[in-house]
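[1] got a predicted model here, sequence first, then my questions.
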There are 2 protein chains.
Amino acid sequence: MQKVALGWRRDGKRIGFVPTMGFLHEGHMSLVRLARAEADIVVVSIFVNPTQFGPNEDYERYPHDLARDRELCRQNGVDVIFHPSAGDMYSSGPGVFVAENDLSGRLCGAFRPGHFRGVLTVVAKLFNLVLPDAAVFGQKDAQQAILVRNMVRDLNFPVKTIIIAPIVREADGLAMSSRNSYLGPDERKRARCLSAALKTARGLYRAGESGCDALKKAMRRVIEGGKPEAIDYIEIVAERDLKPIDKLAGNCLIALAVRIGRTRLIDNLPLPDDRLGNLPEE
Amino acid sequence: MQKVALGWRRDGKRIGFVPTMGFLHEGHMSLVRLARAEADIVVVSIFVNPTQFGPNEDYERYPHDLARDRELCRQNGVDVIFHPSAGDMYSSGPGVFVAENDLSGRLCGAFRPGHFRGVLTVVAKLFNLVLPDAAVFGQKDAQQAILVRNMVRDLNFPVKTIIIAPIVREADGLAMSSRNSYLGPDERKRARCLSAALKTARGLYRAGESGCDALKKAMRRVIEGGKPEAIDYIEIVAERDLKPIDKLAGNCLIALAVRIGRTRLIDNLPLPDDRLGNLPEE
C-alpha cells in the first residue's frame, strides 16, 4: 500500500482516504463522495482493528460482508480497497503506540478504556501507509473525529485536510452504523430513542432553554422511554476539551451512548451549528 | 518545512535527515556524511526538545552555538537547517503523543521517566515535517536508536532507511557528546572511565569470558577508579528487548550511564559485532 501511495504522491496525485471497519453503509458512502471531490485517487481501508476493542466488546462478532463492500465501493468510485489482516498490521506486538491522556478519557473513553489509544494508533499507521492529502471521518464518531484532528495537528501529519462528514440517518432518525445490524426488530424500534432525545434537546434549545441540567433531564426521559438496557452517558460538553458544561455556549456537543439489547449505540448533536448532526426536522 | 519537503518529494528528491539538539560536533558530522551518501537533500534539525528533559535535568543550560553549528553544517554539505522554536513545535499543549511501555522503561528510561515518550513524540513530529527517505541516528544513544527503529516499524512511517552510525570518540576513548562541554578539566580526565570500562569488558570477552556478572564486576571496578558522583547503571542486555542477560549470547549491548560532576554520561558497546561501538584498540 505504502509503495503504491508513494508512487501516487510522486506523480502529483491527490490521495483521498476513508478508513472504515467494513460492513459499509450509506454513511460510509457519503464519506467516499466527499473524498472523491477532493482527490484524484480514493482509498477505502477495511480493517476491524483489534486494539480498539475491549475484552468484552464485539470484536469477534463485528459484522462483515466483503463482497457487498466491494460492490458498494465500485458503485461509488473508490479506486483502491486496502484490506490488511490483523497479522499484517500488528506483526510485531504492541510496541510503539499513539495516545492522548485528556479528551480520550472522556465520554466513550470513560467506558472503553484503551479504545482511543487503539484508534489513534491504527489511524496513524493507516495515514503512514496510505499517505492521504485528505481523510474523511464521520461526525457519528464525534470524539474520534476530534482526536484524529488533534493528532494531525500535534504530530504534524502531512494530511492537508481532515473532513468531518455529517451524520447520515435512517428515515426515523437512527444514525447509520454497522452495529445497527445487531438490532432485533423490537430493539430497532427502541433504538429511535437516541435521535428522539437529541430532537427533544434541539426543540428546547430553539425554544430558549440553555441550561444543561434541564436538557439532560428531558433527554433522559426520552431515552428511558426506549427501555434501554443501560445508559452509558447523556452528556453536554464543550467541543474544545469535551468537558461537561452547565450552560450551552460556544461550540458544544450533546452526546449519548446507550445500550439497546447487547448493542451499544452512540449519537450526537453539535450546537449551535447542527448541520453536522443532520437531525431530521419534524 | 513540511511544504518544502512535500515539494522535494514531488520532485523525486531523496531526503536525508539528521535530527540533533545542536552544539554540533564531529559525531553529528559523521551522521551528516552518512545522510549525504543516501540523499539528494540533507536536512539537519536543531531543536532542544523540552519534553524529553526531566524537571531536574539540563534543559535550561543545554549548550548552544548556532553560528558555529551553521558553519559546521555548511562545511559538511548540509542543504537545510531546520531550527524551530519550542513554541512552534508545541503550540497546542501536550495533547497527542507517541510512546512505548516496555523497552522505553529500561536502561536510561528507568532513570529518566518520560524521556523516551518525549523523544518518540518529537521524532514522529520531525519525520512528519521533514518527510525523510533516510534518517541517521548515532549509536551513542543506542536505546533511542532502537526505539526509533521500532517506531518506524510499528507505526509504518514511510522512512525507508534508519541508519545507525558508529560512535565517534575522542583520542582517549570518550564518546563525543555535546554534554562533554560541561566537564571541567578534572572531570574530563575522570570521564575516561566509561570507555575504559567498555575496553576492559571487551578484553575479557575476547579472552573467553561470557558471564555477565564477571564482566559487570570488572567494569564497576574501572568506573569506580574514575570516582564518579553516581553510577546510574552498568548493564548487559539483549539488543532485542533490552532485558538483562546472564551470559553473552546473540546480539547484545553493554551499556553504561555514569555521573561525573553534574554531568550524566552514557556509553555502550554492542557485541559480538563491536563495529558500531568503535572503541579504539590498545
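    Looks like it arrived, so ask away.
[2] can you pull out the strands in the stretch 101-250 of chain A?
    Along the stretch 101-250 of chain A, the segments classed as strands by DSSP state E, counting those that start in this stretch run A:134-138, A:161-165, A:230-238.
[3] so of those strands, which one's packed in deepest?
    Mean neighbour count (mean count of other C-beta atoms under 10 Å in any protein chain shown) peaks for strand A:134-138 among these, with a mean of 24. C-betas here are computed from N, CA, C, even on glycine.
[4] around chain B, which positions in the stretch 51-200 of chain A sit nearby?
    Taking C-beta under 8 Å from any C-beta of the partner chain as the criterion, the stretch 51-200 of chain A approaches chain B at residues A:92, A:94-102, A:120-121, A:124-125, A:128-129, A:131, A:147, A:150-151, A:153-158.
[5] what's the neighbour count on the nearest residue to A:Ala196 once chain neighbours are set aside?
    Residue nearest to A:Ala196 in three dimensions, not counting chain neighbours: A:Val222, with 5.1 Å by C-beta to C-beta, 6 or more residues apart in numbering or on different chains. Neighbour count of A:Val222, defined by other C-beta atoms under 10 Å in any protein chain shown: 19.
[6] and the pLDDT for A:Leu174?
    Looking at A:Leu174, its pLDDT is 98.
[7] do I have it right that A:Cys252 meets A:Asn268?
    No - in this structure, A:Cys252 is not within contact of A:Asn268 by C-beta atoms under 8 Å, at 10.4 Å.
[8] if we can go back for a sec, surely the residue nearest to A:Ala196 meets A:Ala197?
    Yes - contact criterion C-beta under 8 Å: A:Val222 and A:Ala197 qualify, at 4.0 Å.
[9] compare the strands of the stretch 101-250 of chain A and give me the one nearest B:Asn56.
    Closest approach to B:Asn56 among the strands of the stretch 101-250 of chain A (C-beta to C-beta): strand A:230-238, 35.5 Å.
[10] tell me the mean pLDDT for the closest one?
    Averaged across strand A:230-238, pLDDT comes to 98.
[11] next: stretch A:118-136.
    98.
[12] next, the buried residues of that stretch.
    Neighbour-count burial for stretch A:118-136, with 16 or more other C-beta atoms under 10 Å in any protein chain shown as criterion, is recorded at A:118-136.
[13] in stretch A:92-105, which residues are buried?
    Neighbour counts using 16+ other C-beta under 10 Å place A:Gly95, A:Val96, A:Phe97, A:Val98, A:Ala99, A:Glu100, A:Asp102, A:Leu103, A:Ser104 of stretch A:92-105 among the buried residues.
[14] just put those residues in a markdown table and tack on distance to B:Pro84 and pLDDT.
    Output for those, formatted as a markdown table (distance: C-beta to C-beta, whole Å; pLDDT from 0 to 100):
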| residue | distance to B:Pro84 | pLDDT |
| --- | --- | --- |
| A:Gly95 | 28 | 95 |
| A:Val96 | 23 | 98 |
| A:Phe97 | 25 | 98 |
| A:Val98 | 21 | 98 |
| A:Ala99 | 23 | 98 |
| A:Glu100 | 22 | 98 |
| A:Asp102 | 24 | 96 |
| A:Leu103 | 25 | 97 |
| A:Ser104 | 26 | 97 |
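[15] for chain A, which helix is longest?
    With DSSP state H setting the assignment, residue counts place helix A:115-130 as the longest helix in chain A.
[16] show me what it is packed against.
    helix A:2-10, strand A:15-20, strand A:41-46, strand A:80-82, strand A:97-99, helix A:108-111, helix A:142-154 (3 or more C-beta pairs under 8 Å, 6 or more residues apart in numbering or on different chains; DSSP states H and E).
[17] got the angle for it vs strand A:15-20?
    150 degrees (axes from the mean of the first three to the mean of the last three C-alpha atoms, to 10 degrees).
[18] how far off centre is stretch A:217-236?
    Chain-centre distance of stretch A:217-236: 20 Å, with C-alpha atoms, centre = their mean, to the nearest Å.
[19] what of stretch A:236-251?
    19 Å.
[20] quickly check: it near chain B or not.
    No - applying C-beta under 8 Å from any C-beta, one finds stretch A:236-251 out of contact with chain B, separated by at least 10.3 Å.
[21] same question for that stretch: list its buried residues.
    In terms of neighbour count (16+ other C-beta under 10 Å), stretch A:236-251 has its buried residues at A:Ile236, A:Val237, A:Leu242, A:Ile245, A:Leu248.
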